[in-house]
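1. what's the 3D shape of this:
(one chain, ligands or ions: 1)
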Amino acid sequence: MKNESFFVHESSYIDEGVFIGQGTKIWYFCHIQSGAKIGKNCVIGQNVNISNNVIIGDNVKIQNNVSLYEGVELEDGVFCGPSCVFTNDLTPRAEFPKGRENYKKTVVRRGASIGANATVVCGNEIGEYAMVAAGAVVTKNVEAYTLVAGVPAIPIAKVDNKGTIVERF
Ligand SMILES: CC(C)(COP(=O)(O)OP(=O)(O)OC[C@H]1O[C@@H](n2cnc3c(N)ncnc32)[C@H](O)[C@@H]1OP(=O)(O)O)[C@@H](O)C(=O)NCCC(=O)NCCS
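-> The predicted structure follows:
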């Protein structure tokens, strides 16, 4: 789908009732579900699923193979590394689905980055310009400008806006 203000590769599906901001590019094999809102100048890589009602700010980059489940919100300037994982149910059961009103929210604040293959357990907030190391499992809120790593993820450093490590713990 091409229109004057954004680009969607022909291999991707955009459901009814999706908002896509100006200058955003959605690449190969993506599915954007109804009610999702994607801001301006975002880049959505290959094989990305954005579920119902997910909110994404401006200038967000989402690398290949990321699923954003309902209840996830990404503020402006967030970076999601390849194959990072979000969740929305802490104790899921196939036979007893909790329903969308019980999904737990995950908010990633402005400018934060999630490393490749990291998992963000739902109900947590990742602070402004925080950074999650590759392969980490986030089980608690992450403070702004803090680098967390490991399983479970713990703070290991302070980072600045550009991602430079400015203090190691
Ligand atoms: C966490 C990270 C920022 C650390 O950077 P750094 O501190 O400059 O890395 P260093 O190589 O100096 O490692 C410092 C220590 O952290 C450890 N470490 C590095 N990356 C780690 C990770 N992802 N998880 C756990 N420990 C990690 C190192 O083993 C080292 O430990 P040691 O001091 O016991 O030897 C970086 O390794 C990382 O994971 N970046 C994310 C990359 C990514 O996913 N990019 C996605 C876009 S392609």
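
2. K98 should be in a strand, yeah?
-> No: read with DSSP: H, G, I helix; E, B strand; the rest coil, K98 is coil and lies in no strand.

3. contacting residues around it?
-> K98 makes contacts with D89, P92, as judged by Cβ atoms under 8 Å, 6 or more residues apart in numbering. In this view, the C-beta of every residue, glycine as well, is placed from N, C-alpha and C.

4. Could you tell me which residues of the protein lie near the ligand?
-> Counting by Cβ under 6 Å from any ligand atom, the residues of the chain lying close to the ligand are G81, G115, A116, A133, A134, G135, L147, A149, G150, I165.

5. How much space separates the nearest residue to the first one once chain neighbours are set aside from F7?
-> Counting by Cβ to Cβ, 6 or more residues apart in numbering, A116 is the residue found nearest to G81 once chain neighbours are left out, at 3.9 Å. Separation of A116 from F7 (Cβ to Cβ, to the nearest Å) stands at 25 Å.

6. coming back round to it: run a quick neighbour tally on the residue nearest to G81.
-> Using other Cβ atoms under 10 Å as the criterion, A116 is surrounded by 16 other residues.

7. Could you grab the helix/strand/coil label for it?
-> coil.

8. So it sits against C80, correct?
-> No: in this structure A116 lies outside contact range of C80 using Cβ atoms under 8 Å: 9.4 Å.

9. Residues that sit against both of those two, list them.
-> Joint contacts of A116 and C80 (Cβ under 8 Å, 6+ apart) are Q63.

10. Please name the nearest non-neighbouring residue to K37.
-> Leaving out its chain neighbours, the residue that sits closest to K37 by Cβ to Cβ, 6+ apart is F19, at 4.5 Å.

11. What does the one you found show for phi and psi?
-> Here is the backbone geometry of F19 (degrees, to the nearest 10): phi -110, psi 130.

12. Next up, the contacts around it.
-> For F19, counting by Cβ under 8 Å, 6+ apart, the contacting residues are A36, K37, I38.

13. Now secondary structure and pLDDT too, for these, in a markdown table please.
-> Formatted as a markdown table, the entries for the contacts of F19 read as follows, by DSSP: H, G, I helix; E, B strand; the rest coil; pLDDT from 0 to 100:
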| residue | secondary structure | pLDDT |
| --- | --- | --- |
| A36 | coil | 98 |
| K37 | strand | 98 |
| I38 | strand | 98 |
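
14. what's the pLDDT at the residue located most distally from the centre of the chain?
-> For the chain, the largest distance from the centre (Cα atoms, centre = their mean) belongs to E95, which lies 27.1 Å off. Per-residue pLDDT puts E95 at 97.
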